[in-house]
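[1] Structure of the sequence below:
(4 chains)
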Number of protein chains: 2
Amino acid sequence: MLHDPAQLDLMFQALADPARRQMVDRLSRGPASVSQLAEPLAMSLSAVVQHLNVLEASGLVSTEKLGRVRTCRIEPKALRAAEHWINERRLAWERRLDRLGEYLAETRDEN
Amino acid sequence: MLHDPAQLDLMFQALADPARRQMVDRLSRGPASVSQLAEPLAMSLSAVVQHLNVLEASGLVSTEKLGRVRTCRIEPKALRAAEHWINERRLAWERRLDRLGEYLAETRDEN
DNA sequence: AAAATAGTGAAGTAATCACTTCAGTATTGT
DNA sequence: ACAATACTGAAGTGATTACTTCACTATTTT
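    I've put the predicted structure just below:
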């Protein structure tokens, strides 16, 4: 469910915005309320809530409301899925380079 | 130069589009010309060139023109920078959880 | 030399984005 | 009960995005 392309799409889209990455960064140091997330950002609370909704829809962040405060936390599984996508492509490339290197070494021996 | 926030911004922005991720995926299997990149995509060549320019500006892809064909390849260093950003945040979170676990284990012993 | 191939560049367009403001609803502290 | 806090939601706006088409330039191939 985490590797389905639609979810991946939402995740990368969510990470594309600097304000949202800053929020993820903040949350990586521990849970925070909406106002705490908003505090270092130069924008209205409303804007922050909108960003938060994008993050939550992407699965990167989950929230829980107790009384009047909504506590947000990072969802490491989702983070790992994005990481994994990039990693796989990079590895594919590097494996290819390795094979090419071997091939070149072999054909050099044949001279 | 790869970790500067502006470059990171361009990279995540570039990865946010499904067509561009498909192009990166294709390139992870080996270099390709613009037309080869375009082939599986349901859009005009012009659109593909525009996506390619975004990828190149982000540093994720580099290109080289020989004669009339432009050959594109993945830039694993850039890919790694994006990977790294995500990884750091996830690790920060997981380290935090570990410390919390230790703390809980300790205070349990004190009962 | 002519035709086919490979890509480029500019202009236009519809949709989406990242905000804003403002008005509203719970919840909590005094 | 009243005020302050912590959000929430809707509507609007200007900028950016992801395309399109069309006209064009180089480079090969025949």
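[2] residues in contact with A:Glu88?
    Residues near A:Glu88 by C-beta atoms under 8 Å, 6 or more residues apart in numbering or on different chains: B:Ser28. No exception for glycine: its C-beta is placed from N, CA and C like everyone else's.
[3] closest point of chain A to DNA strand C, which residue?
    Of all residues in chain A, A:Gly67 sits closest to DNA strand C, at 2.0 Å by C-beta to the nearest atom of the strand.
[4] what's the spacing between that residue and chain B?
    23 Å (C-beta to the nearest C-beta, to the nearest Å).
[5] cool, and A:Ser58?
    For A:Ser58 relative to chain B (C-beta to the nearest C-beta), the value is 11 Å.
[6] for A:Ala14, same thing?
    In terms of C-beta to the nearest C-beta, A:Ala14 sits 8 Å off from chain B.
[7] number of nearby residues for the nearest residue in space to that residue that is not next to it in sequence?
    Closest residue to A:Ala14 apart from its sequence neighbours, by C-beta to C-beta, 6 or more residues apart in numbering or on different chains: A:Ser58 at 3.8 Å. Neighbourhood size, A:Ser58 [other C-beta atoms under 10 Å in any protein chain shown]: 21.
[8] so what pLDDT did A:Ser58 get?
    As predicted, A:Ser58 sits at a pLDDT of 97.
[9] how much space is there between the residue of chain A closest to DNA strand C and A:Leu55?
    22 Å (C-beta to C-beta, to the nearest Å).
[10] three-state assignment of the residue nearest the centre of chain A?
    With distances taken as C-alpha atoms, centre = their mean, the residue of chain A nearest its centroid is A:Leu79 (4.5 Å). With DSSP: H, G, I helix; E, B strand; the rest coil as the basis, A:Leu79 sits in helix.
[11] roughly how far apart are it and A:Arg70?
    20 Å.
[12] Quick check: buried residues in the worst-scoring helix or strand of chain A on mean pLDDT?
    Lowest on mean pLDDT, DSSP states H and E among the helices and strands of chain A sits helix A:76-109, with a mean of 88. By 16 or more other C-beta atoms under 10 Å in any protein chain shown, the buried positions in helix A:76-109 come out as A:76, A:78-83, A:85-87, A:89-90, A:92-93.
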